[in-house]
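Engineer: Can you look at this prediction? I've put the sequence above it.
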Amino acid sequence: MLVLVAPGQGAQTPGFLTPWLELPGAADRLAAWSDAIGLDLVHYGTKADADDIRDTAVAQPLLVAAGLLSAAALGQTAPDAVAGHSVGEFTAAVLAGVLDDTAALKLVRTRGLAMAEAAAIAPTGMSALLGGDPEVTVPHLEKLGLTPANVNGAGQIVAAGTLEQLAALEADKPEGVRRVVALKVAGAFHTHHMAPAVATLEQAARELSPADPTVPYVSNKDGQAVATGAEVLARLVGQVANPVRWDLCMETFQARGATALIEVCPGGTLTGLAKRALPGVATVALKTPDDLDAARTLVAEHTAV
């Protein structure tokens, strides 16, 4: 049973798309997407520095484009489920047949711009907490006025809020938390700070006609498989201001009998979580085209004939 997953914001690194553009047709596809959304994805994926691609309005379409590019390079696959972490849900929506690639990228571009605008209202950010017990950590965060914006499982929770609140967290860690690591994002995503972006996305989503998923689409709202395209689209809009429950997604993968997990480019974050939370599940992270052969082998071994 194979699961295909897509990472969220913070997974990007300078130049990470460079080797992918050497694949046949990749540069043309990226150039067409760039024209469609009014953003030079080739430049940002190959030449831009870390600060440039940290910009929410750039990072989000860049990540979705990278995921779609690497999934296409993987070739025909028949995953038994797809899911994405935060903006990775848009990649998953394309892989599930809910949206076409251009529609998804246009909506993501709108999402990134709207979230960047919302983030500019007040200085906010996100920090990952490593270690600790969620039953202890979550009340501690709430006491500090922070939101557990990503509950990722495998002992990891991401807190979001104002920079002052995050500084207070650094000085007053919950019991059992080993480290607090600031993330490469420019706002308190998946919290009430993003509420202004929801209205913008709702307006843009009205112009789309989503199809029902052709494979199970596991939502990071609650870890449940969503049956209709309309509900997938509604969740893509609403999740901007609501916590990501990746822990529940992994519980669903386990309950459905997952034996393998492939994370599209820029892979690494979600496979790392899976290695800790889903023992026995084979994983491959697509970081460069050099990882494609291992991923194809995994596809052949873990999909139904």
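Structural biologist: Done, it's in. Residues are numbered from 1 along each chain as shown.
Engineer: CA only for contacts and neighbour counts going forward, please
Structural biologist: Fine.
Engineer: Could I get the full set of helices for the stretch 51-200 of the chain?
Structural biologist: 56-74, 88-95, 101-119, 134-143, 163-171, 195-205 (DSSP state H, counting those that start in this stretch).
Engineer: Using TSV, please lay out the ones you listed together with distance to Gly280, mean pLDDT and mean neighbour count.
Structural biologist: Converted to TSV, these look like this (distance: least, C-alpha to C-alpha, whole Å; pLDDT from 0 to 100; neighbours: other C-alpha atoms under 10 Å):
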stretch	distance to Gly280	mean pLDDT	mean neighbour count
helix 56-74	23	96	24
helix 88-95	23	98	28
helix 101-119	33	96	21
helix 134-143	24	95	16
helix 163-171	35	96	16
helix 195-205	38	95	17
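Engineer: looking at these, which is closest to Val180?
Structural biologist: Closest approach to Val180 among these (C-alpha to C-alpha): helix 163-171, 6.4 Å.
Engineer: and for the closest one, what are the contacting residues?
Structural biologist: 123-127, 141, 144-146, 159-160, 180 (C-alpha atoms under 8 Å, 6 or more residues apart in numbering).
Engineer: repeat that with 10 Å
Structural biologist: With contact meaning C-alpha atoms under 10 Å, 6 or more residues apart in numbering, helix 163-171 is reached by 122-127, 129, 140-141, 144-146, 159-160, 162, 172, 179-182, 187-188.
Engineer: tilt between that helix and helix 134-143?
Structural biologist: If you take axes from the mean of the first three to the mean of the last three C-alpha atoms, to 10 degrees, helix 163-171 sits at 140 degrees to helix 134-143.
Engineer: hang on, the earlier thing: take the contacts of helix 163-171 and keep only those in strands.
Structural biologist: 124-127, 129, 159-160, 162, 179-182 (DSSP state E).
Engineer: Show me how to select, in ChimeraX, the buried members of these.
Structural biologist: Buried residues within the ones in strands among the contacts of helix 163-171, by 16 or more other C-alpha atoms under 10 Å, are selected in ChimeraX with:
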select :124,125,126,127,129,159,160,162,180,182
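Engineer: What residues sit buried inside stretch 175-189?
Structural biologist: 177, 180, 182-189.
Engineer: Can you pick out the most distant pair from those?
Structural biologist: Largest separation among these by C-alpha to C-alpha: Val177 and Ala186, giving 23.4 Å.
Engineer: Please identify which of the helices of the stretch 51-200 of the chain is closest to Glu251.
Structural biologist: helix 134-143 (15.6 Å).
Engineer: Please enumerate residues in contact with that closest one?
Structural biologist: By C-alpha under 10 Å, 6+ apart, the list of residues contacting helix 134-143 reads 129, 131-132, 145-148, 151, 153, 155-161, 165-166, 169, 172-177.
Engineer: And for Lys186, nearest residue in space, chain neighbours not counted?
Structural biologist: Quick fix: residue 186 reads Ala, not Lys. Closest residue in space to Ala186, ignoring its immediate chain neighbours: Gly125 at 5.9 Å, by C-alpha to C-alpha, 6 or more residues apart in numbering.
Engineer: who's in contact with that neighbour?
Structural biologist: By C-alpha under 10 Å, 6+ apart, the neighbours of Gly125 are 119, 159-166, 182-189.
Engineer: now do Leu286
Structural biologist: Leu286 touches 6, 67, 70-71, 74, 262-268, 271, 292-295, counting by C-alpha under 10 Å, 6+ apart.
Engineer: any idea whether Leu4 is helix, strand or coil?
Structural biologist: For Leu4, the secondary structure call by DSSP: H, G, I helix; E, B strand; the rest coil comes out as strand.
Engineer: ok, it - how many residues close by?
Structural biologist: 23 (other C-alpha atoms under 10 Å).
Engineer: bridging residues for it?
Structural biologist: Val82, Ile262 (DSSP bridges).
Engineer: Report the beta-bridge partners for the residue nearest to Ala186.
Structural biologist: Per DSSP bridges, the residues bridged to Gly125 are Gly161.
Engineer: Same question for Ile157.
Structural biologist: Leu129, Val151.
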